[in-house]
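Asks: build me a model:
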Amino acid sequence: MLIRLATPEDVPVLMEMMRRVVPLMRSTGNLQWNDDYPNEGVFLRDIERGQLWVAEIEGAVAGVTAMTTAEEPDYAQADWDSTQPALVIHRLAVDPDFRGAGIARALLVKAEEIALAQSLFIVRADTNTENQATQRLFPSLGYRFAGEISLRARPGQRFLCYEKLLSRG
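Replies: Okay, the predicted model is just below:
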């Protein structure tokens, strides 16, 4: 598996992946994403900022995530110190054809490497309360549950926050 920064050439493949991922999410009651989000503009903005990463298996894009240092203002509701800088995971998705291959886990391990390379010692994420897969994944990698919040951008939905403290050395 290769994990690399995404390029604009990856966007059509990512959009095709979203066309397969979103209906699966919604079928389980996870309404976090829809036909309008994430979209091409969001991915291109992530790419411009150098914060969108893809996982490839044998040349095929198998997963994606954005890794930023920007936290949602609504994160103030979480049980963590928002004044401490952190790497924040957004838009984590795995192509349905590659589920069970450890793609999400590999992307999160890469996030830890990137955080440490930037002298950041905290990785944070949120996930919809209906996303059972990430609710199992984050704790299995040492993330602690940091509370349930609402996001203004997703009215009527609830999100679970997770945080992992990384070793300084």
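Asks: pLDDT averaged over stretch 44-53 - what is it?
Replies: The average pLDDT for stretch 44-53 rounds to 98.
Asks: quick check: closest non-adjacent residue to Asp126.
Replies: The spatially closest residue to Asp126, leaving aside those adjacent along the chain, is Phe159, at 4.4 Å (CB to CB, 6 or more residues apart in numbering). Where you see a C-beta, it was placed from the backbone N, CA and C, and this is true even at glycine.
Asks: what sits against the one you found?
Replies: 32, 126-129, 148-151 (CB atoms under 8 Å, 6 or more residues apart in numbering).
Asks: narrow these to those that are buried.
Replies: 32, 126-128, 149, 151 (16 or more other CB atoms under 10 Å).
Asks: can you put these in CSV and add pLDDT, secondary structure and distance to Gln51?
Replies: Conversion of these to CSV gives the following (pLDDT from 0 to 100; DSSP: H, G, I helix; E, B strand; the rest coil; distance: CB to CB, whole Å):
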residue, pLDDT, secondary structure, distance to Gln51
Gln32, 85, coil, 19
Asp126, 95, strand, 16
Thr127, 94, strand, 18
Asn128, 93, strand, 21
Ile149, 95, strand, 22
Leu151, 89, coil, 19
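Asks: for these, work out which two are farthest apart.
Replies: Gln32 and Ile149 (13.0 Å; CB to CB).
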